[in-house]
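Engineer: Structure of the sequence below:
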Amino acid sequence: MNIHILACGGAVMHNMAIALHQLGHTITGSDDEIFEPALSRLKSNHILPPEFGWFPEKITPYLDFIILGMHARADNPELAKAKNLGIKIYSFPEYIYKHAKDKTRIVVAGSHGKTTTTAMIMHVLKTLNKDFDYLVGSQLEGFDTMVKFSNAPIIVIEGDEYLTSAIDRVPKFLKYHPHYTQITGIAWDHINVFPTFENYVEQFELYIDTIDKNGALIYFDGDENLKKISEKATVKTIPYNTPIYESKNGKISVKKDQSYPLSIFGEHNLQNMQGAALLCENIGISQSEFFRAIEGFTGSARRLEKVHEEKDLTIFRDFAHSPSKLKATVEAVKEQFPNSEVIAVFELHTFSSLSKNFLPYYKNTMQKADKAIVYFNPHVFEHKKMPVLNKQDVIDGFSSDIEAINETSELISKINFFRSNVSNKQCVLLFMSSGNFDNAQLW
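Structural biologist: This is a model prediction of the structure:
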């Protein structure tokens with residue numbers, strides 16, 4: 001088929017372009033900017049657009065359909081021409097469902113932990129030599145792409161609650177109609193789209209209503225809001241919480257029929273793992289099979305990922321950006337390294353975190369760290385067309401115990417100072433952001 005990918009530079013979109021290209025389809029694409037690693041990966045597959053921008057002449061009647069990414073605006077000239085020509089337009093979640101409608105659909109949803117939990121399930125299935133397709137929001141070790149299309153009987157999908165496209169402003173996960181789903185928790189995010197917490201929770205209620213009537217909902221019952229809406233579900237529901245575990249000499253083991261040593265840590269990860277085990281049980285994988293396989297799971301990129309280690313210093317990076325995930329990540333690291341000095345550095349980057357009215361939701365989220373820094377780049381506010389915060393706004397929002405930094409050079413100097421003064425005590429540096437700290441070399 002002839003397929004055009006509109007906004008082909010996104011993390012999922014460029015992987016989708018590669019996956020379809022590898023199936024033998026003729027792929028074209030457009031985007032106004034493409035960064036690494038998408039740039040090199042599209043180029044190596046010979047599907048990188050020859051120039052950046054939007055070119056209506058690429059849209060011809062010879063196209064079978066277009067897949068539309070969220071980055072493309074509603075007034076995109078290529079999109080307008082496709083509509084005029086009557087070419088079929090799919091958002092990427094709509095296309096995923098089109099591909100998966102005859103498969104067993106497994107979807108992981110929730111405000112945080114989706115990528116890691118999806119990666120756990122994928123790791124177990126791969127370890128057990130199960131054939132499956134997938135869509136996941138991060139590049140995972142052992143998987144060539146973030147998207148796979150084949151004739152496999154199962155598909156595993158990371159179900160995002162953000163909007164489907166500029167012309168279909170409903171959450172992506174409403175498009176998937178899962179047979180089995182795990183919801184990890186609900187913590188208000190995306191305030192630019194869901195202006196109240198009640199409106200945000202409503203999206204998960206709508207999502208639960210899309211579960212196949214013969215399917216099952218696996219949910220974390222430590223979240224009162226999630227528990228409340230899950231208990232009203234008309235499908236089979238399976239609650240989960242923290243499994244029994246022990247921490248000894250810096251190593252975590254989960255206690256089931258026997259003790260299973262793990263490479264992951266933190267209660268949030270253990271809870272998500274427990275839910276993943278129950279979900280996999282619904283597709284015929286026994287608990288013992290799951291936990292033997294999960295022993296080899298080391299995590300996913302930017303999810304408590306160890307990026308550097310030397311004698312007295314360990315450095316992690318994490319995708320944490322919402323208040324609940326930030327708090328859980330800081331607490332997990334401090335619990336794992338109780339005798340080390342934990343220095344936590346968080347970048348304000350999402351629309352929600354850059355909003356002065358949302359900052360109070362971060363109150364005391366970093367209090368378990370021995371030192372806490374909140375960094376924000378004034379240029380990001382300009383790019384997002386938002387009022388610029390000042391340091392006192394940030395300190396008032398988080399707590400007086402944090403240090404606010406708004407210059408990249410100052411952040412680099414501060415981190416270099418910490419790194420050069422760790423010889424007298426074990427130190428853990430934890431960087432948390434959905435951005436990239438202005439591309440600063442921090443480790």
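
Engineer: what's the closest non-adjacent residue to Phe173?
Structural biologist: Nearest non-adjacent residue to Phe173, counting by CB to CB, 6 or more residues apart in numbering: Gly159, 3.6 Å away. (Glycine included, C-beta is placed from N, CA and C.)

Engineer: isn't the one you found right up against Val108?
Structural biologist: Yes. Counting by CB atoms under 8 Å, Val108 is a contact partner of Gly159 at 6.0 Å.

Engineer: so what's in contact with those two at the same time?
Structural biologist: Listed as contacting both Gly159 and Val108 by CB atoms under 8 Å, 6 or more residues apart in numbering are Lys114, Thr181.

Engineer: Find the helix or strand that the residue nearest the centre of the chain is a member of.
Structural biologist: By CA atoms, centre = their mean, the chain has its centre lying nearest to Thr115, at 4.6 Å. In the assignment (DSSP states H and E), Thr115 maps to helix 114-127.

Engineer: now that helix: mean pLDDT?
Structural biologist: The average of the pLDDT scores along helix 114-127 is 96.

Engineer: what packs against it?
Structural biologist: strand 104-109, strand 132-135, strand 154-158, helix 267-281, helix 287-294 (3 or more CB pairs under 8 Å, 6 or more residues apart in numbering; DSSP states H and E).

Engineer: so Phe173 sits right up against Leu163, yeah?
Structural biologist: No. Taking CB under 8 Å as the definition, Phe173 is not a contact partner of Leu163, at 10.8 Å.

Engineer: Who has more neighbours out of these two?
Structural biologist: Shown here are Phe173 and Leu163; by other CB atoms under 10 Å, Phe173 has more neighbours (28 against 17).

Engineer: How many neighbouring residues does the nearest residue to Asn241 once chain neighbours are set aside have?
Structural biologist: Spatial nearest neighbour of Asn241, excluding adjacent residues (CB to CB, 6+ apart): Gly222 at 5.3 Å. By other CB under 10 Å, 14 other residues sit near Gly222.

Engineer: List the residues that contact Gly222.
Structural biologist: Contacts for Gly222 (CB under 8 Å, 6+ apart) come out as Gly185, Asn241, Thr242, Gln271.

Engineer: any idea which of these is the one closest to Asp401?
Structural biologist: Nearest to Asp401 among those: Gly185, at 25.7 Å, using CB to CB.

Engineer: nearest residue to the closest one other than its sequence neighbours?
Structural biologist: Excluding its sequence neighbours, the residue lying closest to Gly185 (CB to CB, 6+ apart) is Asp223, at 4.4 Å.

Engineer: next one: His112
Structural biologist: Lys325 (4.0 Å).

Engineer: quick check, the one you found in a strand?
Structural biologist: No. Under the criterion used here (DSSP: H, G, I helix; E, B strand; the rest coil), Lys325 is helix, not part of a strand.

Engineer: returning to what we had before: so the residue nearest to Asn241, which of the three states?
Structural biologist: In three-state terms, and counting by three-state DSSP, Gly222 is coil.

Engineer: quick one: pLDDT of it?
Structural biologist: 95.

Engineer: distance of it from Thr350?
Structural biologist: Distance, Gly222 to Thr350, using CB to CB, to the nearest Å: 24 Å.

Engineer: How about His14?
Structural biologist: Separation of His14 from Thr350 (CB to CB): 21 Å.

Engineer: out of those two, which sits in the busier spot?
Structural biologist: Legend: neighbour count by other CB under 10 Å for His14 and Thr350, higher for His14 (28 against 20).
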